[in-house]
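**Student:** dropping a prediction and its sequence here:
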Amino acid sequence: MAISFTVLVLLIGVALLFDFLNGLHDAANSIATIVSTRVLAPHYAVVWAAFFNFIAFLFFGLHVAQTVGTGIIDAGIIDAQVIFGALMGAIVWNLVTWGLGIPSSSSHALIGGLIGAGTAKAGSAAVVLAGVAKTAGAIVMSPMMGLFLAMLIVLAIAWIFARFTPSAVDGIFRKLQLVSAAMYSLGHGGNDAQKTMGIITVLLYSQGVLTGEFHVPLWVVLACQAAMALGTMLGGWRIVHTMGSKITRLTPVQGFCAETAGAITLFGATALGVPVSTTHTITGAIVGVGASRRLSAVRWNIAGRIVVAWVVTLPASALIAAMVYWMTQLLG
C-alpha cells in the first residue's frame, strides 16, 4: 500500500532516530576502554569515536545493508507498517536497556523487530531462514571470536614486550590505544549504520521510490552515518561504566587488545555482510583480556546478566514490534 510523501519522510525520520539511538546506546562499545584507562577524557573520546563512525562508509562495501534489507524477511511483504513496527520494537527495547544500563544489542533488537513485524503480517513464511540463521550464528560467534582474538593478542604482546618495563609498556599503549579505538569505531560505524541503511532502502523500494537492483543511495548512506555519529557524540555513560569497569578493570595495553580484537572481528563480519552485534563483540573481547590475567579478574555475575539480556533481546523486540504492527492495523 502506497503512503504519502509526508508519511514516508516521517518513517525515514524514525529510522534515523533508531540510528541515532544506536550510536547513543553503543557509544560505550567504542569508548568504554579508552575512557576507563584514562587515555582520553570522555568528551574527547566521543568526538574521536564519532569521527571514525562517520567516515566508515569510505572503507566498507554495503553488504550488511543488503542483508538487512533483503535477507531477514521477504522483501515482498515489506510495507510502511512493517517498517514502523520493526523500528519501534528496536527503539523501545533500546530505550529500556539504555535506561537500565544494560549493554544489549541494538543490531539484534532491529533484527528481532523485523522478524516480529514481518511474522505479524505474513506468518512464519515471511522469515528468510538463511539470513536469520547467519545472524543467529553471529550471536554466538562474534563474542567468541572477540574473546579468542583478545587472548591471542594479549599473549603476543606479553611475548614481544617481555623485556620492557611496565611504565614503558604503559606509555607505548596509551598512544596505540588511540589507533585501536579508531579502528573499532570504524568497524562499529561500518557494520551498525548499514543496518539502518538497509531499512530505509527497502522502504524506498516498497514505495516505488527506488527500482531495479538493490542499491543504497548516497544520501541514505550519509544520513545514516551522520545520525549514528551524532548519537555517539552524546554518549551512553551508564553503559560506559558497565563496559569499562564493571566487567573487569583494564590497563591501556588490555584496552588496546580488546579494541583490536573487536575491530578485526567487525571488519571480517562487515566484509562478509553479516550484521553482527558490536556490543557482543567488544564484551567478548573485554572478557578475553580479563580472563587472560586470571579467571577471577572477570566479574562473571555482571557478564552473566549481559548474556541474559542478549538472549532476551530478539524475542522481546520481536514481540514489541508485532504488537506495534497489530496496533497500526487496528488504527488504520
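**Tutor:** It's in.
**Student:** poorly predicted segments of the chain, please.
**Tutor:** 1-2, 27-30, 101-103, 235-249, 293-308, 332 (pLDDT under 70).
**Student:** so in it, which helix runs the longest?
**Tutor:** Taking DSSP state H as the criterion, the chain has its longest helix at helix 166-206.
**Student:** so which elements touch the helix or strand following that helix?
**Tutor:** Downstream of helix 166-206, the first helix or strand assigned by DSSP states H and E is helix 218-234. Helices and strands touching helix 218-234, by 3 or more C-beta pairs under 8 Å, 6 or more residues apart in numbering; DSSP states H and E, are helix 5-36, helix 42-54, helix 166-206. Where C-beta positions appear, they are placed from N, C-alpha and C, glycine not excepted.
**Student:** using JSON lines, please lay out these together with mean neighbour count and distance to L319.
**Tutor:** As requested, the helices and strands packed on helix 218-234 are arranged in JSON lines below (neighbours: other C-beta atoms under 10 Å; distance: least, C-beta to C-beta, whole Å):
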{"stretch": "helix 5-36", "mean neighbour count": "23", "distance to L319": "17"}
{"stretch": "helix 42-54", "mean neighbour count": "21", "distance to L319": "30"}
{"stretch": "helix 166-206", "mean neighbour count": "23", "distance to L319": "19"}
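**Student:** want to throw those into a markdown table with distance to I320?
**Tutor:** A markdown table is the format used below for these (distance: least, C-beta to C-beta, whole Å):
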| stretch | distance to I320 |
| --- | --- |
| helix 5-36 | 13 |
| helix 42-54 | 26 |
| helix 166-206 | 16 |
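**Student:** do you know which of those helices lies nearest H63?
**Tutor:** Among the helices and strands packed on helix 218-234, the nearest to H63 by C-beta to C-beta is helix 166-206 (7.9 Å).
**Student:** tilt between that closest one and helix 218-234?
**Tutor:** 140 degrees (axes from the mean of the first three to the mean of the last three C-alpha atoms, to 10 degrees).
**Student:** from the middle of its chain, how far away would the longest helix of the chain be?
**Tutor:** With C-alpha atoms, centre = their mean, to the nearest Å as the basis, helix 166-206 stands 9 Å off its chain's centre.
**Student:** okay, the angle between it and helix 5-36?
**Tutor:** Going by the same axes, to 10 degrees, helix 166-206 makes 170 degrees with helix 5-36.
**Student:** who does helix 166-206 touch, helix- and strand-wise?
**Tutor:** Looks like helix 166-206 contacts helix 5-36, helix 42-54, helix 63-70, helix 80-100, helix 106-122, helix 218-234, helix 252-272, helix 278-293 (3+ C-beta pairs under 8 Å, 6+ apart).
**Student:** closest to P166 out of those helices?
**Tutor:** helix 252-272 (9.4 Å).
**Student:** who does that closest one touch, helix- and strand-wise?
**Tutor:** helix 5-36, helix 63-70, helix 129-160, helix 166-206, helix 278-293.
**Student:** make TSV out of these and add distance to Q329.
**Tutor:** Shown next, in TSV, are the helices and strands packed on helix 252-272 (distance: least, C-beta to C-beta, whole Å):
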stretch	distance to Q329
helix 5-36	15
helix 63-70	23
helix 129-160	24
helix 166-206	16
helix 278-293	32
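**Student:** and the ones you listed: which comes nearest V92?
**Tutor:** helix 5-36 (10.2 Å).
**Student:** that closest one: how far from the chain's middle?
**Tutor:** The answer for helix 5-36 is 10 Å, by C-alpha atoms, centre = their mean.
**Student:** quick one: it to helix 252-272, angle?
**Tutor:** Using the same axes, to 10 degrees: helix 5-36 against helix 252-272 is 150 degrees.
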